[in-house]
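Visitor: Next input, structure requested:
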Amino acid sequence: MLTEQEKIKHLYYRAAFGCSIHKMPYSVSLQANIDALLAPQQFQSLHIISQSEVDAVKAAAKSKGKEAKVEVKKMLKENIVELNEMWLNEMIHTSAQLQEKLALFWHGHFACRTPNPYFNQQYLDIIRKNALGNFKTLLIEISKTPAMLQFLNNQQNKKDHPNENFAREVMELFTLGRGNYTEQDIKEAARAFTGYGFDALGEFKFRKAQHDFGNKTCFGKTGNFDGDDILEIIMQKPECAYFITKKLYQFFVHDESVDENLVQDLAQKFYQSNYNIKQLMSLILKADWFYDVKNVGNKIKSPTELIANTFRLIPTTFDKPNSILFMQRTLGQVLLNPPNVAGWKGGKSWIDSSSLLFRMRLPQIIFYDEELDFSPKAYQPEMGDIKMKMMDEYVKKLASKKLSAKVDWSKTFVYFSNKKDSWNEIVTAVLPCKIDGAIAKIVTQNADISTKENEIKSKLIHAMSLPEFQLC
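Guide: Numbering: from 1, shown residues only. Presented below is the predicted three-dimensional model:
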């Protein structure tokens, strides 16, 4: 059975990106911490560029030849990298931790990528703004983003030549899962989504001339449906609530051992709440079973969770802007660039021989300024998306063989220097579960005790290099 402090730590590993050394949460109760995570937060867009700016530089390039076009491509990919890093920075520093953790979940659920930074910005705003809101609203807004419409080819979905790609993924990956629809349902839904596109300003456009206004029969219902009608029909099916609830359970509770009775009960309440995400998360985070020992320290941190957790514990800034991108690519998760429409597999797929070694050595590489001897994983384009290969080209331009960083140890030293047993306090602060006593003895014996600060630093880096730090 977990202590109150252990429950709070578990809460922050799952509903946030770990505890922040600047504001450890143990001075208030578990309930107060849950309430704080669920509390409404003022939304702020991560604005980097407008579509008019994108269009302006593209237009200028048309009249200036090949060299100008190369510069435009460089600018656009730098914008995407900037947005990537701004979002990761938000995950590390924001007080809206649950909102950003859920946005990461929705990014994997509504997996999407586009070489247009403005489209990325719109898409990211929607999943962040609606992360703790209503799933219906989120689904409808996502279905009208240029990023998703472009990614799933709905811009080419016209009444005389329906394109089924968007309708298929809406049912298979976004709402129902396989086995809960027929091929005929997809064909009819595709007709309903004809004419859904976007204009030159990057805004949703319902193109009436390309829409099929004939009757469609989908899930046993017949009418002159458009795409919004189809989404409403889908969300009337309890299977939709179950599908979403199970994915949330796997993300926040246990990705392998799913308690079907709990999921069914949660899904029913989610459905009855008209798809209220905040209410569902409240039920999960306040449940006794969420803090059961079997659900603690059993999930492998995604690369994003690992990076965010590391820098919430030890504030760090990098000299080179592509250092973060290098880490993401080497670990296997680049934000705004999922491998395909199904998103990242997660779980044990995060770990292979190369990424595990890099994970384990990352604290030494950064905090001891060690040289790199790792290369990013080879890019494997899917769905014909060669354009996103530019991310790899950008990463390979990492000029230094070190991830040169400025590390702020001040508050970390202050926090641990007042503790009687610094090693046990470090384990309590950074590891999701207890470790073997023999390991603790080895770490203690090999710690640099030349100064109190060096002792804290060496013990903390040792702790973050243990296999247990890879878990949450």
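
Visitor: check contacts around Gln150.
Guide: Applying CB atoms under 8 Å, 6 or more residues apart in numbering, we find Gln150 in contact with Thr114, Asn116, Phe119, Phe198. (C-beta placed from N, C-alpha, C; glycine too.)

Visitor: Swap in 6 Å and give it another go.
Guide: By CB atoms under 6 Å, 6 or more residues apart in numbering, the contact set of Gln150 is Thr114.

Visitor: Compute the distance between it and Lys441, please.
Guide: 57 Å (CB to CB, to the nearest Å).

Visitor: Okay, and Ile366 sits in which element?
Guide: helix 353-367 (DSSP states H and E).

Visitor: Quick check: nearest residue in space to Asp55, chain neighbours excluded?
Guide: Ala200 (7.1 Å; CB to CB, 6 or more residues apart in numbering).

Visitor: and the one you found, that's in a helix?
Guide: No - read with DSSP: H, G, I helix; E, B strand; the rest coil, Ala200 is coil and lies in no helix.

Visitor: got the buried residues for the helix holding Ile366?
Guide: Under the neighbour-count criterion of 16 or more other CB atoms under 10 Å, helix 353-367 has Ser355, Phe358, Arg359, Arg361, Leu362, Pro363, Ile365, Ile366, Phe367 buried.

Visitor: So the second one sits against Thr330, correct?
Guide: Yes - counting by CB atoms under 6 Å, Phe358 does reach Thr330; the two are 5.3 Å apart.

Visitor: and Lys294, what are its phi and psi?
Guide: phi -70, psi -20 (degrees, to the nearest 10).

Visitor: ugh, wrong one, Asp292
Guide: phi -70, psi 140.

Visitor: what do you get for Asn276?
Guide: According to degrees, to the nearest 10, Asn276 has phi -80, psi 110.

Visitor: What's the local residue count around it?
Guide: 17 (other CB atoms under 10 Å).

Visitor: Over to the closest residue to it other than its chain neighbours: give its phi and psi.
Guide: In this structure, Asn276 finds its nearest non-sequential neighbour in Asn134, 6.1 Å apart by CB to CB, 6+ apart. In terms of degrees, to the nearest 10, the main-chain angles of Asn134 are phi -110, psi 130.

Visitor: how far away is the residue lying closest to Phe110 once chain neighbours are set aside from Asn309?
Guide: Nearest residue to Phe110 in three dimensions, chain neighbours excluded: Ile142, at 5.1 Å (CB to CB, 6+ apart). According to CB to CB, Ile142 stands 27 Å off from Asn309.

Visitor: Equivalent analysis for Pro467, please.
Guide: Counting by CB to CB, the gap from Pro467 to Asn309 is 15 Å.

Visitor: ok, now Met281?
Guide: In this view, Met281 and Asn309 are 20 Å apart by CB to CB.

Visitor: and what of Glu256?
Guide: Separation of Glu256 from Asn309 (CB to CB) stands at 21 Å.

Visitor: Which one's more surrounded, those two?
Guide: Per other CB under 10 Å, whichever of Glu256 and Asn309 has more neighbours is Asn309, with 23 against 9.

Visitor: show me the contacts for the nearest residue to that one once chain neighbours are set aside.
Guide: Nearest non-adjacent residue to Asn309, counting by CB to CB, 6+ apart: Gly18, 3.7 Å away. The neighbourhood of Gly18, defined by CB under 6 Å, 6+ apart, consists of Tyr12, Asn309, Arg312.

Visitor: Serialize those to a markdown table and add fields for secondary structure, distance to Asn446 and pLDDT.
Guide: Putting the contacts of Gly18 into a markdown table (DSSP: H, G, I helix; E, B strand; the rest coil; distance: CB to CB, whole Å; pLDDT from 0 to 100) gives the following:
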| residue | secondary structure | distance to Asn446 | pLDDT |
| --- | --- | --- | --- |
| Tyr12 | helix | 29 | 98 |
| Asn309 | helix | 24 | 97 |
| Arg312 | helix | 26 | 95 |
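
Visitor: Pick the one among those closest to Thr412.
Guide: Comparing those against Thr412 with CB to CB places Arg312 closest, at 11.1 Å.

Visitor: quick one, helices of the stretch 151-300 of the chain?
Guide: In the stretch 151-300 of the chain, the helices defined using DSSP state H, counting those that start in this stretch lie at 165-169, 183-192, 227-235, 238-252, 260-272, 277-285.

Visitor: For Ala463, which of those helices is the nearest?
Guide: helix 238-252 (24.4 Å).

Visitor: Just want the angle from the closest one to helix 227-235.
Guide: Computed by axes from the mean of the first three to the mean of the last three CA atoms, to 10 degrees, the angle separating helix 238-252 from helix 227-235 equals 80 degrees.

Visitor: residues in contact with helix 238-252?
Guide: Contacts to helix 238-252, defined as CB under 6 Å, 6+ apart, come from residues 14, 105, 175-177, 180, 234, 263, 266-267, 270-271, 284.

Visitor: Any regions of the chain where pLDDT drops low?
Guide: For the chain, the stretches with pLDDT under 70 are 60-61, 63-65, 373-402.

Visitor: Report the residue ranges of every domain in it.
Guide: 4-39+237-295, 410-470 (automatic domain parsing).

Visitor: These into a markdown table, with extra columns for distance to Ile80?
Guide: Formatted as a markdown table, the domains of the chain follow (distance: least, CB to CB, whole Å):
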| stretch | distance to Ile80 |
| --- | --- |
| domain 4-39+237-295 | 22 |
| domain 410-470 | 28 |
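
Visitor: Looking at those domains, which is nearest to Gly346?
Guide: Judging the domains of the chain by CB to CB, what sits closest to Gly346 is domain 4-39+237-295, at 6.2 Å.

Visitor: How far away from the center of its chain is the closest one?
Guide: 16 Å (CA atoms, centre = their mean, to the nearest Å).

Visitor: And for stretch 165-183?
Guide: In terms of CA atoms, centre = their mean, the centre of stretch 165-183 is found 22 Å from the chain centre.

Visitor: Just the C-alpha atoms of that stretch, please, in PDB.
Guide: The C-alpha coordinates for stretch 165-183 follow below in PDB (Å, rounded to 0.1, in the frame of the first residue of the first chain):
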ATOM      1  CA  ASN A 165      -9.100   7.700 -46.500                       C
ATOM      2  CA  PHE A 166     -10.300  10.300 -44.000                       C
ATOM      3  CA  ALA A 167     -13.600   8.500 -43.300                       C
ATOM      4  CA  ARG A 168     -11.800   5.200 -42.700                       C
ATOM      5  CA  GLU A 169      -9.300   6.700 -40.200                       C
ATOM      6  CA  VAL A 170     -12.100   8.600 -38.400                       C
ATOM      7  CA  MET A 171     -13.800   5.300 -37.600                       C
ATOM      8  CA  GLU A 172     -10.800   2.900 -37.200                       C
ATOM      9  CA  LEU A 173      -8.400   5.200 -35.300                       C
ATOM     10  CA  PHE A 174     -10.300   8.200 -33.900                       C
ATOM     11  CA  THR A 175     -13.600   6.900 -32.600                       C
ATOM     12  CA  LEU A 176     -14.700   3.200 -32.900                       C
ATOM     13  CA  GLY A 177     -11.800   0.900 -33.600                       C
ATOM     14  CA  ARG A 178     -11.900  -2.100 -35.900                       C
ATOM     15  CA  GLY A 179     -14.900  -4.400 -35.900                       C
ATOM     16  CA  ASN A 180     -17.400  -1.600 -35.100                       C
ATOM     17  CA  TYR A 181     -18.200  -0.500 -38.600                       C
ATOM     18  CA  THR A 182     -18.600  -1.900 -42.100                       C
ATOM     19  CA  GLU A 183     -16.900  -1.100 -45.400                       C
END
